[in-house]
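Participant: Kindly return the folded structure for what I paste below:
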Amino acid sequence: MAAHVTASVLDLAGAAPPSVGSEPLALNDASFRATEAIARWKYEIADGQPWSNALLRAVGAWPLADEVHEGREFTYLIAGEAFDWLLLAERLMLEAGDAVPREEQSALLFHGQLPDGLSDARFQEALGVAKYRAHLNFFYGVVVEEALWHAIECEVLKQRTVRGLAHSNGVDDMVAEKLYGCRYQTLLGGFHRDQGRRPRIKHRLSDWKAFTYWCFQRRLASSDRTRTASDTQKGLAMLREIASA
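Facilitator: Numbering: from 1, shown residues only. Reported below is the predicted structural model:
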């Protein structure tokens, strides 16, 4: 990966998806070390240090896979191997208050725009090998997988329009069949069975991320290398299209 200044979160991922099954991040005295990471993060930004560097140090030091903060559940590590670093960045920004300009917080958290000077090499170094691998798992397994779903959905809707079908009934089933070889409810049911729990009445965002990552793993297990590469490129192309819109 080239060590150039990046413009968006999309640029922090490599050119090919990693293999799943990364070792889970080791956690020892996690709560204490999380408190230390937050304290250092707040001290460094109050001291006037560049917040982007302080943020990466805090992300690199963060030990918790999930937590409940002020009644909200944060799941940073999905299936023990997919690291949602932007969710952790959001959690840390809650501690920052106005020490980080609100417009810069919004640019990062809502638009994926990284501060100037943040290079691929710096990002990898700050996260370390295990977290960076887990970040790639999340990027390809959740972000790209969602974009791939959207790309196939657009193809299905276009085909239906050509055939004179204006409604969207059954579109989810058609997309699921194309990507995963079964109907949508069958897919969702399989996920819940694997999780060993009943479906929630109201799904949380973390549930959908976990479901998306589970679908990604299923697709990789059932597709050949050529098909996997083609689908990955289609998802990446959709992400770039969305980013440029």
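Participant: Which pLDDT value goes with the closest residue to Thr228 other than its chain neighbours?
Facilitator: Nearest non-adjacent residue to Thr228, counting by CB to CB, 6 or more residues apart in numbering: Leu220, 6.1 Å away. To be clear about C-beta, it is placed using only N, CA and C from the backbone, and glycine gets the same treatment. What the model reports as pLDDT for Leu220 is 94.
Participant: so after the strand or helix carrying Leu220, what's the next helix or strand?
Facilitator: Using DSSP states H and E, Leu220 falls within helix 205-222. Per DSSP H and E, helix 205-222 leads on to helix 225-244 as the next helix or strand towards the C-terminus.
Participant: Tell me where the chain is predicted with low confidence.
Facilitator: 1-28, 117, 162, 164-168, 199-202 (pLDDT under 70).
Participant: let's see it at 50
Facilitator: Applying pLDDT under 50 to the chain flags the ranges 1-7, 15, 22-23, 26-27.
Participant: Break down it into its strands, ranges please.
Facilitator: 66-69, 72-75, 77-78, 82-83 (DSSP state E).
Participant: for those, which one ends up most surrounded?
Facilitator: strand 82-83 (a mean of 27; mean count of other CB atoms under 10 Å).
Participant: Direction included, what does that strand pair up with?
Facilitator: strand 77-78 (antiparallel) (DSSP bridges).
Participant: And the partner strand, how far out from the chain middle?
Facilitator: Distance, stretch centre to chain centre, for strand 77-78: 9 Å (CA atoms, centre = their mean, to the nearest Å).
Participant: now swap in stretch 211-227 and tell me
Facilitator: The answer for stretch 211-227 is 16 Å, by CA atoms, centre = their mean.
Participant: picking up where we left off before, let me have the strands of the chain in JSON lines, extended by distance to Ala237.
Facilitator: Formatted as JSON lines, these follow (distance: least, CB to CB, whole Å):
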{"stretch": "strand 66-69", "distance to Ala237": "32"}
{"stretch": "strand 72-75", "distance to Ala237": "28"}
{"stretch": "strand 77-78", "distance to Ala237": "24"}
{"stretch": "strand 82-83", "distance to Ala237": "22"}
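Participant: quick one: which of those strands is nearest Phe211?
Facilitator: Nearest to Phe211 among the strands of the chain is strand 77-78; the distance by CB to CB comes to 9.8 Å.
Participant: Which parts of this structure are helices?
Facilitator: Here the chain has its helices, by DSSP state H, at 30-46, 51-61, 85-96, 102-111, 120-138, 144-162, 171-180, 184-195, 205-222, 225-244.
Participant: Enumerate every residue touching Ala176.
Facilitator: When contacts are counted by CB atoms under 8 Å, 6 or more residues apart in numbering, Ala176 touches Cys182, Arg183, Tyr184, Thr186, Leu187.
Participant: Name the nearest residue to it, sequence neighbours excluded.
Facilitator: Closest to Ala176 by CB to CB, 6+ apart is Tyr184, at 4.3 Å.
Participant: pretty sure the one you found is touching Asp173, no?
Facilitator: Yes - between Tyr184 and Asp173 there is a contact under CB atoms under 8 Å: 5.1 Å.
Participant: Just the buried ones out of the contacts of Ala176, please.
Facilitator: Tyr184, Leu187 (16 or more other CB atoms under 10 Å).
Participant: follow-up on the earlier one: would you tell me which of the strands of the chain gets closest to Thr35?
Facilitator: Taking the strands of the chain one by one with CB to CB, strand 66-69 is closest: 11.0 Å.
Participant: domain assignment for the chain?
Facilitator: Here the domain parsing of the chain from automatic domain parsing is 9-133, 136-244.
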